[in-house]
Each structure stands twice: as C-alpha cells, then as structure tokens.
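Engineer: Provide a 3D model corresponding to the input given below.
(one chain, ligands or ions: 2)
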Amino acid sequence: MNDRLYIFDTTLRDGEQSPGASMTKDEKLRIARQLEKLGVDVIEAGFAAASPGDADAIRAIAETITNSTVCSLARANERDIRAAGEAIRPAKRGRIHTFIATSPIHMEKKLRMTPDQVVEAAVMAVKLALEYTDDVEFSAEDAVRSDIDFLVRVFDAVIEAGAKTINVPDTVGYSIPALWGERMKELIARVKNADKVVWSTHCHNDLGMAVANSLAAVMNGARQVECTINGLGERAGNASLEEIVMAVRTRRDVFNCDSRIDATQIVPASKLVSTITGYPVQPNKAIVGANAFAHESGIHQDGVLKHRETYEIMRAEDVGWHANRLSLGKLSGRAAFKSKLGELGIVLDTEEALNAAFARFKDLADKKREIFDEDLQALVSDEGYAAEHERFKLVSMKVCSETGEVPHASLVFTDDGSEKRADGNGSGPVDAAFKALESVVGSGADLLLYSVNNITSGTDSQGEVTVRLAKDGRVVNGQGADTDIVVASAKAYLHALNKLDSKLERAHPQV
Ligand code: KIV
Ligand code: ZN
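Structural biologist: Ligands and ions are numbered 1, 2, ... in the order given. Predicted structure coming up:
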C-alpha cells in the first residue's frame, strides 16, 4: 500500500464555517501562504458559489499558490461546479471537490431527492467538473449515516465517471474509531476500481473523536485526511491537522505512512489561524497548546532533565515551538521590517499599507522592548482590521479606574470620517468603554464573547482581544491588539461593529 498520506487542509472552508470565523481575502491569502509553507497537499480555499467574495478569494489563492493544489467546494449542481471551475482556473494545480448527501435522512428531508436522483446528480457533477480539471474529488455527505450498499453504488458510479479522490465524511461526528475503520475497509473492499482512487476521510468532532476516527480510517486504507489547523470547523470542529500529522509521524510503526508536512511550521500556522480568526488555542491542546511541552511536576522535570525521552514523545522544536524568535527592535529600519514581513509570508500590496504598518511598528517598539514574530503578525492583522471596512475607527481614549470609584471611559472615534465622542460608566474599564461606544453607535448587538490573550510572554506583551457580537442571526468576531488591553478591547469592539456593518452575505454549503 502507498506510504504517502495526503493532507487536505480545509481551514479556509470548513474552518471558516465556525461562527464568526469568516476571513477577508487578504487574511485567507496569508493563511494559504502559511499552509503552502507547511507543505499541505491540498488547500480547500473556499466554496466559490457561496458569494462573489469567496470566489474572489479562491481565485487570488489559485493565482498565488504553486506548491499545493488549490481546491474549491461545490454542491452537485451546475451553478456550483461552474463557479468552482472558474475560481480555480488560474491554479497551477486545481481541484473541484463536489459533494451530495447520501444518507436517507438528508436525501428525504433536506434534498427531497430519491436515491436514483442523487446518483444521477453525483455523476453529472463529476463529469461537468472534469471539463475544468482532471482532479475531481467526490464526497458522500453524511456517509456515516448512509446505507453501505448505497454508498458502494454511488462510489462505483462516480469513479466510473472520472472522480480521482473518494471522500467518506462523518459529517455529524457520530462514528467511533472501530466502526469508522471498518466502514473504510469495507468500502475499499467492495467498490469497483477502488485501487484507482485515493480514499479520503473527513471527520467532525461532535463526540471528541474526529482525530481518532480519521486515524482509524488511515489504518484501514485511507490515504488522504481532511483536517484543519487547531481543529477549527463547524460546531465542535474538524479533525485537527497537527494531531493527525504528529500522530502518524510519531507512530510510523503503527501507520506505515507519512505526510510531506514540514512540522516546524505547525506552531506558526496555529498562531496565525488563531490570530486571524480570533479563536484562541486552549493551553492543554495537543501539539500547539501553550502547555503541550511544559512539565510541571518535579518528578517529570527531573526525568526530562536527566533524559528527555523519559517524558517526551516529541520534541517541541520539531513542531515549531521556540520559533518565537526575536524579530526586530526599536532601531530596525523600514527595509529590515519589510524583509522580516516577507520571511513571515506577509505581503502588503501598497506602499501606503507598508508605511502605515511601519509607523505602527515604530509606535509598538517605543512601548515594548523586544518585538517577536507574533507581534508582527498581530500588528499587520491589526492594520488589516482597520483597512478592511473602516466605518468606525478609534482615535483616542481615556479610562479612569480607581478603587471605590465607578470606572469611566471617554473615547473619540470616527464614524465614516466624522469625529464622535462617547462617555460611559461600567463595572470595569472595558465594560465602561463598550457601554460608551454602544451609547453612541446603538448597534443593539449582543456580546457573546470577550477574551484577552497575550501575544508573547511578559507584562509588556501586546494583549490581543477578541469580541464576538451577534445581531439578526449574524455572528462576527472582532480583534484588536495593543500593549494596553483596554485600548485593544475598544479596537476589537469597533472592529466587530465594522464587520456587522459590512453586508457580506454568504450561502452555507450544506444548506
Ligand atoms: O462535513 C462534511 O460532510 C463536509 C462535506 C462538504 C465534505 O464538509
Ligand atoms: Zn465538514
């Protein structure tokens, strides 16, 4: 059996379906560049038919990326396939990933189609996709709850039509490893020409088993895993890329295969995705959590000092920890700044954007002695947040917080260019700042989440704040970074308001 495991990353598509995680074209491009550096085989860049913005982002990624295949999702209908085909056209290697649901519940209640109609649509979709690329993947949505005889029938038909990758998704995160491995094995045994295609798995984490189920599929013949950085994705998320890659690499004796991932790029990729989406990584998350390689107990510390392998099965530096290099300082010039951004895969399109980012860097260098790669990522993101859709922008603010007194915030911000003032009291300085802004803007949005993370360590570190707001069924995440977390909070609140204000409408692939 082939010993190459293909990594299909869907952070930019399934990952983006996490509430509030929608990304701008520039943000998607930055992540795509990092995924290419990481060495993923396929980047699912989006769902072209969802919106003109999605199609545009896929096209931009297809124009930029050369070492990974660029893929668009498409439902099994003509409009979606044509939109996907057009979006991936500039790619050096482009893939169309088409899908249709095959479980009785989805066919009857959602699609209102008979099984015969589903087979017909699947075959039509694959044949049409082949007009755009010879790299066509087919997924049987909700394969976990589909009748296995029907799955065999659908897969026989789409392979006959020309599909090169067959994906078996656990769309609802319902399976358990033994059953999922068994299902993969039976499909490969029963489907005609199974040896002519790559078998793939795509698992969701509703019962916390997405990674375990994916690995069970690999042990039973799957050679592509669909996954996301940090396990981002619909509901409880998708299988996490870093866990799959490191499990297979660390236990090669069990899996007999490996990916071409450059694992030292894992932690930088994790930090980038977390910064851009505003989804923090839990400290005890495997591989990329802040504590993943920290030894707290004396016995463990003693063991590691004497012989590292006593308590460590992987080396932190092999997955990109300590890549947190000192980047630049107060005296660094514009050329060094530009070249460092290049190294981090950050391209600022205009001189104006570069100048603005450099001015912010100087400002930060005045407040913070050492500037790390992560600071630069945050700084450029912060620049991006402001540039995207800038109805509201913070000009200045003042907060008074004193024991025994009611905290008060006064802010100056611009609303479509005209200056406004806001004043408010609150239970703390952040609450006062949000109440002040809301008293003038009157968005009526509900605050779903407020979180602060330090970008690097130390009390002079920049704080990165995420604010999640919901209004009329839309959920958005706003981010802001600053060495002063109250300022970062106000920026994050205004960023979220800007996102709510932009009327971006996207269709959901599964609807
Ligand atoms: O979860 C799922 O079934 C999907 C498909 C579109 C592959 O995301
Ligand atoms: Zn999915």
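Engineer: measure stretch 273-290 end to end?
Structural biologist: Using Cα to Cα, to the nearest Å, the end-to-end distance of stretch 273-290 comes out at 15 Å.
Engineer: what sits up against that stretch?
Structural biologist: The set of residues that contact stretch 273-290 without belonging to it, under Cβ atoms under 8 Å, 6 or more residues apart in numbering, is 11, 15, 18, 20-21, 23, 27, 30-31, 229-230, 232, 240, 242-243, 246, 266-267, 270, 291-292, 314, 319, 374, 377-378, 381, 451, 453, 455, 464, 466, 468, 477-479. (Glycine included, C-beta is placed from N, CA and C.)
Engineer: same question, stretch 392-400
Structural biologist: For stretch 392-400, contacts defined as Cβ under 8 Å, 6+ apart pick out 386, 407-415, 419, 429, 432-433, 441, 486-487, 490-491, 494, 497-498, 501.
Engineer: Buried among those residues? Need that as a selection in ChimeraX.
Structural biologist: The ChimeraX command for the buried members of these (criterion: 16 or more other Cβ atoms under 10 Å) is given here:
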select :386,407,408,409,410,411,413,429,432,433,441,486,487,490,491,494,497,498,501
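Engineer: Residues of this structure that sit close to ligand 1?
Structural biologist: Along the chain, the residues adjacent to ligand 1 under the rule Cβ under 6 Å from any ligand atom are 14, 73, 99, 139, 141, 167, 169, 171, 202, 204, 509.
Engineer: What helices and strands are in contact with the helix or strand where Asn167 lies?
Structural biologist: Applying DSSP states H and E as the criterion places Asn167 in strand 165-170. Judged by 3 or more Cβ pairs under 8 Å, 6 or more residues apart in numbering; DSSP states H and E, the packing partners of strand 165-170 are strand 94-101, strand 136-141, helix 148-161, helix 177-190, strand 198-203, helix 210-219, strand 224-227.
Engineer: Please identify the deepest-packed of these.
Structural biologist: The highest average neighbour count among those, using mean count of other Cβ atoms under 10 Å, belongs to strand 224-227 at a mean of 28.
Engineer: what does that one contact?
Structural biologist: Applying Cβ under 8 Å, 6+ apart, the set of residues contacting strand 224-227 from outside is 5-10, 14, 41-42, 44, 165, 167, 169, 198-203, 214, 217-218, 238-241, 244.
Engineer: Let me see the mean pLDDT of it.
Structural biologist: When pLDDT is averaged along strand 224-227, the result is 98.
Engineer: Pairing partners for it, with directions?
Structural biologist: The sheet places strand 224-227 alongside strand 6-9 (parallel), strand 198-203 (parallel), with pairing taken from DSSP bridges.
Engineer: Just after that strand, pick out the following helix or strand.
Structural biologist: Toward the C-terminus, strand 224-227 is succeeded by helix 241-250 as the next helix or strand (DSSP H and E).
Engineer: So which other helices or strands are in contact with that following helix?
Structural biologist: Under the contact criterion of 3+ Cβ pairs under 8 Å, 6+ apart, helix 241-250 touches strand 6-9, helix 210-219, strand 224-227, helix 266-277.
Engineer: The same query, at a cut-off of 10 Å, please.
Structural biologist: Counting contacts by 3 or more Cβ pairs under 10 Å, 6 or more residues apart in numbering; DSSP states H and E, helix 241-250 is packed against strand 6-9, helix 25-38, helix 210-219, strand 224-227, helix 252-255, helix 266-277.
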